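Asks: from the sequence below, what's the structure:
(8 chains, ligands or ions: 12)
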Number of protein chains: 8
Amino acid sequence: GFATIDTDRLSRTGLPEVIYASGKTVEQVKQIALRMVEKGIDLLATRATPAMFEAIQEVVPDAHYNELAQTITYKHHETEVPATYIAVVAAGTSDLPVAEEAVETAQFLGNRVEKIYDVGVAGIHRLFHRLDVIRRARVIIVVAGMEGALASVVGGLVDKPVIGVPTSIGYGANFEGLSALLSMLNSCASGVSVVNIDNGFGAACQASLINKLT
Amino acid sequence: GFATIDTDRLSRTGLPEVIYASGKTVEQVKQIALRMVEKGIDLLATRATPAMFEAIQEVVPDAHYNELAQTITYKHHETEVPATYIAVVAAGTSDLPVAEEAVETAQFLGNRVEKIYDVGVAGIHRLFHRLDVIRRARVIIVVAGMEGALASVVGGLVDKPVIGVPTSIGYGANFEGLSALLSMLNSCASGVSVVNIDNGFGAACQASLINKLT
Amino acid sequence: GFATIDTDRLSRTGLPEVIYASGKTVEQVKQIALRMVEKGIDLLATRATPAMFEAIQEVVPDAHYNELAQTITYKHHETEVPATYIAVVAAGTSDLPVAEEAVETAQFLGNRVEKIYDVGVAGIHRLFHRLDVIRRARVIIVVAGMEGALASVVGGLVDKPVIGVPTSIGYGANFEGLSALLSMLNSCASGVSVVNIDNGFGAACQASLINKLT
Amino acid sequence: GFATIDTDRLSRTGLPEVIYASGKTVEQVKQIALRMVEKGIDLLATRATPAMFEAIQEVVPDAHYNELAQTITYKHHETEVPATYIAVVAAGTSDLPVAEEAVETAQFLGNRVEKIYDVGVAGIHRLFHRLDVIRRARVIIVVAGMEGALASVVGGLVDKPVIGVPTSIGYGANFEGLSALLSMLNSCASGVSVVNIDNGFGAACQASLINKLT
Amino acid sequence: GFATIDTDRLSRTGLPEVIYASGKTVEQVKQIALRMVEKGIDLLATRATPAMFEAIQEVVPDAHYNELAQTITYKHHETEVPATYIAVVAAGTSDLPVAEEAVETAQFLGNRVEKIYDVGVAGIHRLFHRLDVIRRARVIIVVAGMEGALASVVGGLVDKPVIGVPTSIGYGANFEGLSALLSMLNSCASGVSVVNIDNGFGAACQASLINKLT
Amino acid sequence: GFATIDTDRLSRTGLPEVIYASGKTVEQVKQIALRMVEKGIDLLATRATPAMFEAIQEVVPDAHYNELAQTITYKHHETEVPATYIAVVAAGTSDLPVAEEAVETAQFLGNRVEKIYDVGVAGIHRLFHRLDVIRRARVIIVVAGMEGALASVVGGLVDKPVIGVPTSIGYGANFEGLSALLSMLNSCASGVSVVNIDNGFGAACQASLINKLT
Amino acid sequence: GFATIDTDRLSRTGLPEVIYASGKTVEQVKQIALRMVEKGIDLLATRATPAMFEAIQEVVPDAHYNELAQTITYKHHETEVPATYIAVVAAGTSDLPVAEEAVETAQFLGNRVEKIYDVGVAGIHRLFHRLDVIRRARVIIVVAGMEGALASVVGGLVDKPVIGVPTSIGYGANFEGLSALLSMLNSCASGVSVVNIDNGFGAACQASLINKLT
Amino acid sequence: GFATIDTDRLSRTGLPEVIYASGKTVEQVKQIALRMVEKGIDLLATRATPAMFEAIQEVVPDAHYNELAQTITYKHHETEVPATYIAVVAAGTSDLPVAEEAVETAQFLGNRVEKIYDVGVAGIHRLFHRLDVIRRARVIIVVAGMEGALASVVGGLVDKPVIGVPTSIGYGANFEGLSALLSMLNSCASGVSVVNIDNGFGAACQASLINKLT
Ligand SMILES: Nc1ncnc2c1ncn2[C@@H]1O[C@H](COP(=O)(O)O)[C@@H](O)[C@H]1O
Ligand SMILES: Nc1ncnc2c1ncn2[C@@H]1O[C@H](COP(=O)(O)O)[C@@H](O)[C@H]1O
Ligand SMILES: Nc1ncnc2c1ncn2[C@@H]1O[C@H](COP(=O)(O)O)[C@@H](O)[C@H]1O
Ligand SMILES: Nc1ncnc2c1ncn2[C@@H]1O[C@H](COP(=O)(O)O)[C@@H](O)[C@H]1O
Ligand SMILES: [Mg+2]
Ligand SMILES: [Mg+2]
Ligand SMILES: [Mg+2]
Ligand SMILES: [Mg+2]
Ligand SMILES: [Mg+2]
Ligand SMILES: [Mg+2]
Ligand SMILES: [Mg+2]
Ligand SMILES: [Mg+2]
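Replies: Ligands and ions are numbered 1, 2, ... in the order given. Modelled structure (predicted):
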């Protein structure tokens, strides 16, 4: 086969094999999905198109598609979910696809999630209105494009680990997310780490590992 | 001579010739300073070392040095100062040299200045404590390094023009100020413009033109 | 809703919420536009396509579209306009979309505008012919791509604040506007500040704040 | 004073004010240290020179200096330490200053630390010999320069959050740490987040927040 | 004609003229292919589309197309092949087009090839399972995108020359392959050299020269 | 010997071997200089320190040093000089070392030179005062740092070839001359070509070839 | 009108106004072309599509299109051409569009041109076969992509000014022409200057000014 | 100890542990050297200063220092050397330190070496004079800075693997070796691979593995 599914990955790393659909054909994604479901592995495909979802539905009728997040999910059984939750904070409406990828991934991995959207620093009072729910989270994902200032601002207001996700939202000297990426890496608040531009998936993976620490 | 002083610059642009001392010898700076003072032009030298100040003092005994700002100033007469003021807001103590360059330049150009220092987003409540004095300014200079988030935050809280000065404070992925520069250029608050990294002088020049508009 | 309109923004920052249409669907832009108009907020959408305009016209029949600027505007009442004006200076005909975005935004925000177009430094006499109208402005926006030299040249000739807008016009070592951006940030004329590449909107926002200073 | 100590920071963010000594004078560092100790705040200075340590010793005789880490520490009382520990994994001997900065910071913040040094991928068997102690950690910091591959390799072998610290060790196309930074941001293992180049301090801050989650 | 075929290249450099089809029209590729085959030169076209293959088939009916590799090949006679082989090691399924370009090129140049695919460092045990076949190769090509760590890891495990091929697989801070390129150039294993991003062809050319050394 | 002097270079390329002293030891420069003079080759060393000059004077007493240009020259005979001249136009006093390197090189190569210094676009009237002498040149070298606008401005005013020399003068977003380099490469005036940052020597070489065309 | 044709440009700069068609609409290009021809100005449009040519043919039936060069030309009268010629040297067949843009421009400006194509350094004997015709030129344009080595090689073999045109041909670490651009700027042959990536037009403009020097 | 010597490395990878002295103290280098020699491992230290050599001489009196290469070597026994040789080709005299690092490393690893120095493309006839000795090598290392064209030129003339070593020699748009690095990665000759900027050591390691293939 063209792909060797790393079936042991969940027990080894706490995170299962996941389909990164970008750059794969509809048929490839469908076949990998089918094989995974047949082996009893739960299904998460990221960066998946509607056409991929339709193809998968033919073989996994109960699969679910989040159009904004571009994710396809299917779980064999509902898993138990810890009492603690992950907060997903997003700066602008344009950042929602990345935020939703984080939300879908976190939920797929068995976490409760609270969404705090459209609270960017252009109107920072919106963030303060929601600070309580952010502070009660066990770990916080901050999704922001343009200048990415939100990660530092949140990092300076909470005593929980903050994972920044720079997005590619913007133009010109934004250089497709470089601006937010550098901002978050240089955060003057100390408890902030960063994942790749637009990588809502990766942020949710680390947040899930943290949320499940006993 | 090695330099042609642009004597007409003040009347043409509202901003006089100024000595940018970096890369000049002590002797060169001294000679230019002397010639300017002799022609009745007020003296501002930026990026000036203590040795340059000592050399200038020999010929302009009443010159003044701001060690933090690295500026030498001398004015033939005190000029009248508008009632309105320029707010200079700085994020951290490491940004003070740049902030002070802005302050010295603004005062030299005949402006009142209010300083609001060490109010970076790692502890944003410090900014809110000083918001009144910032909001009453006619124009605001925001000096910040690292992720430079302060410019956007201030820009979203005031109805006055904000001029961002990214500083080279930081290390690693800060790339000597690139991080703060890109942040400020991508500000999600709309009334923010930007000058070169560490260019407190340039920010003060534009702020002065704005502050003096009638 | 997917977006929280920051209704308080105009009174807080002097600049209202504006729709940045790029990356939004026609339907999303239509819905936000409708909600804003219903709440009595004036409408400005930037980076808007003809299809978006048609969709908005169904619900806001008196909306206006500037195809070059890619802006949709609608105002509930004409506002009073200050006597002073903003000069919008553009280097070449390819820079006009950005210049027009600035013009539309400035007018929407209640300013008089004078346009001085196609006066780039390849034929600098064209600029000198129009210098009077530029010098009488209260604030000047300079829009230029390629090497962006026009901002420095204008900055050295006037005693008003100059806001440079680098454009992405050019190719090769232009690196999508980087060349003009760096030029303007390094302007040897002192009263020049800069906004993001192609950000005619942002330049007009700051120019409007300046033009309305009392 | 030139600095406003953010005394509330520890209770607000779980991380106290810390002195970033780089770019400050010996006298400044000494004064800030003294004021912090007098206010009963524990002392951590990073990027501190031997001269700074000597100056601080005059006023805080029991302060401690780690020459490799370039840290000065002083704690009023020993704090209780959780049973769980942070693993600090380093690739080469040249990465030790950054690794030690992480170790000192983590211990200062009240954590147990296990060090696993000189286990880079040029001789990957060295990593496998130490895998047990790495896997039993609650959170793992991976410090690596050059190509920074170690973060991905560790991330693919453990089920705990991994925080990567790229270092500036290398030359040429290493571009002062860019190479390792990009590597870690593009980790093909999913549970890896990243902090700034050489930022052992920041990694330890986040690791401490995670290690103390209850 | 628009192209001067360098007919002497094979005897001079051990590598024949090859058609780099990218940026050429279907008709141009067909004509060059025809002229080469008529002159008795074996045919290899890289970056070739299905349409190009169809056009060539009209004139060279026995040509062969590898859709994944995007290569068209035709050999007048089978050449003798050395007993030693080239190992082509690939990190992920997305890297296969580049790996296959290397395989097709190496075989076209008269080499035996062993493929070791989908053994990236996210599940490094997969690499160890295949280490024997890798170690017995005369020269090893390692194809990897994202953080490109596989080249260093393999380089530290074998005593044969390793040629790294960074791929453009990834997004965000991958910067279209820059991340893997810098990783491989900074390999902490010493016997690794690198070719251009996605250049499976070039790696195979050098590997073939090495494999044929007597 | 450690260097093979390319004695045939003058007749082949119209430009002799020249010592690029940067990165060479005083002793190496002295030895090469001596060998060249002994072979009857005229001597030009660029980027030469005073110590190098002193060492050369011991063996070539009539050598000449231009401290600003950092050049050492010695000619066995005066050569005839064409009637036409090269104009060297410089923007600011900080650009003079590069301008003088161009002047010294051009004169060494047997050309008349006119200097037009300190005429940058911050005070563009200074350029217009000197336009006549610039227009009468056979070829024009424009030396400018910061935003490098002067090359475009001159290029739009003359009908002679213009060679731009960007300098590394500036700071911050100047990125050690990148800003002026990109400006000049993107000149909107068409007859402008560019040499490397600070390469007054190279500009003079090409200008000399042009000035001597018959 | 949207464009101010700079009618005086030919007499002022030796180079007429030219239409840069990229980014303009078919209708805009047609209108500008018409107005220019009506004013008696010769017509050159670069980066012009076949559709633009068809539109122009309606109003300027004798216009000529070079599809490879993407140029449209029309001259009212044939101008006299100097006896000397410009050599246009190109490295590979993929570089021909840029080379042809240079050729068309040079001829339009009234120069004789000799073409030396497909002589890149992968088979450098091809260059030596044509060296005579290159050496007899008055000025030489070298067009090369990928590593752009041809400009240095030619520069080291001739005693005429060489203008390098880096092209964007290549992929990966070519970074859309950056590789060839940097190569040419760092040429170890001294008489080489450079224009923007893919700027065959600009090289021909400067070459024409040089070729016409009397 | 602070370093774990990877004693198994020679048998595993064909290349022994080597001391990379840059960034280590004299004392550290001395101790590691002593321990290696005591364990019977041959000694190679790269980037070593004269002071390091003196310190090592105290404990390893027969160690040898190459000042240009900055290498310290000591071998317990002379090893047998294959009949074939490695050619080290260098462009300019400034590239010699890197070339010599390659030579010393190759000899230390038990190879014969032929040096072909100062044959850069500014005077390409010098290369042709030495082509025979280059062509008879089993593998060729090409060391070049500035535009790095020499690697492509050699690659197009030989039928042996070519390993390019870009050097950081140059200034301005050379960007500390980036220019030569990109050139070599984009070589239009196909059998060329590349190592890091200034990495003569790494090139020699791979060349040695190739030279010893049986
Ligand atoms: N052309 C533009 N460039 C930059 N910012 C803009 C532009 N148009 C609108 N904006 C800003 O983007 C905000 C809307 O962002 P969003 O919440 O993502 O729709 C507006 O309130 C403006 O501040
Ligand atoms: N995939 C590839 N990547 C890099 N170079 C290639 C590739 N395929 C072919 N080539 C080279 O490109 C040359 C053809 O270039 P051209 O003359 O422009 O068609 C061939 O002789 C090969 O040396
Ligand atoms: N300032 C300079 N900038 C660029 N190239 C130079 C400069 N000065 C001399 N050169 C060139 O460098 C060559 C000498 O290089 P090398 O063999 O390393 O001494 C000379 O023949 C010139 O072509
Ligand atoms: N000049 C050099 N460039 C790159 N790598 C080197 C160099 N010299 C030694 N090395 C490598 O660096 C390793 C030692 O690294 P460390 O453990 O930090 O001392 C050696 O085993 C070599 O693989
Ligand atoms: Mg919003
Ligand atoms: Mg502070
Ligand atoms: Mg025009
Ligand atoms: Mg080691
Ligand atoms: Mg896989
Ligand atoms: Mg001046
Ligand atoms: Mg060819
Ligand atoms: Mg030489």
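Asks: ok, the residue nearest to residue A:65 when sequence neighbours are not counted - contacts?
Replies: Nearest in space to residue A:65, with sequence neighbours left out and distances taken as CB to CB, 6 or more residues apart in numbering or on different chains, is residue A:53 at 4.1 Å. All C-beta spots, glycine's among them, are computed from the backbone N, C-alpha and C. Contacts for residue A:53 (CB atoms under 8 Å, 6 or more residues apart in numbering or on different chains) come out as A:63, A:65, A:72.
Asks: run through who's touching the one helix or strand the second one maps to.
Replies: Using DSSP states H and E, residue A:65 falls within strand A:64-66. Outside strand A:64-66, the residues within contact range by CB under 8 Å, 6+ apart are A:48, A:50, A:53, A:71, A:72, A:73, A:74, A:100, A:104.
Asks: what about 6 Å?
Replies: A:53, A:72, A:73, A:104 (CB atoms under 6 Å, 6 or more residues apart in numbering or on different chains).
Asks: on that earlier part again, tell me the pLDDT of the residue nearest to residue A:65.
Replies: Per-residue pLDDT puts residue A:53 at 98.
Asks: can you give me the strands for chain A?
Replies: For chain A, applying DSSP state E gives strands covering A:19-20, A:43-46, A:64-66, A:71-74, A:85-90, A:112-116, A:139-144, A:162-166, A:192-194.
Asks: which other helices and strands does the second one contact?
Replies: Yep, that's strand A:43-46 we're talking about. helix A:26-38, strand A:71-74 (3 or more CB pairs under 6 Å, 6 or more residues apart in numbering or on different chains; DSSP states H and E).
Asks: what's the offset of the first one from the middle of its chain?
Replies: Read that as helix A:26-38. 22 Å (CA atoms, centre = their mean, to the nearest Å).
Asks: could you say what helices and strands it packs with?
Replies: Counting by 3+ CB pairs under 6 Å, 6+ apart, helix A:26-38 packs on strand A:43-46, helix A:50-59.
Asks: okay, buried residues for stretch A:69-78 please.
Replies: A:69, A:70, A:71, A:72, A:73, A:74 (16 or more other CB atoms under 10 Å in any protein chain shown).
Asks: tell me which of these is nearest to residue F:15?
Replies: Among the buried residues of stretch A:69-78, residue A:70 lies closest to residue F:15 (CB to CB), at 59.6 Å.
Asks: look up how far residue A:52 lies from the closest one.
Replies: According to CB to CB, to the nearest Å, residue A:70 stands 9 Å off from residue A:52.
Asks: one step back: looking at the contacts of residue A:53, which is nearest ligand 8?
Replies: The shortest approach to ligand 8 among the contacts of residue A:53 belongs to residue A:72, at 44.6 Å (CB to the ion).
Asks: which residues does the closest one contact?
Replies: A:45, A:48, A:53, A:56, A:63, A:65.
Asks: any chance of JSON lines for those residues, columns distance to residue C:183?
Replies: Formatted as JSON lines, the contacts of residue A:72 follow (distance: CB to CB, whole Å):
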{"residue": "A:45", "distance to residue C:183": "45"}
{"residue": "A:48", "distance to residue C:183": "43"}
{"residue": "A:53", "distance to residue C:183": "47"}
{"residue": "A:56", "distance to residue C:183": "51"}
{"residue": "A:63", "distance to residue C:183": "52"}
{"residue": "A:65", "distance to residue C:183": "47"}
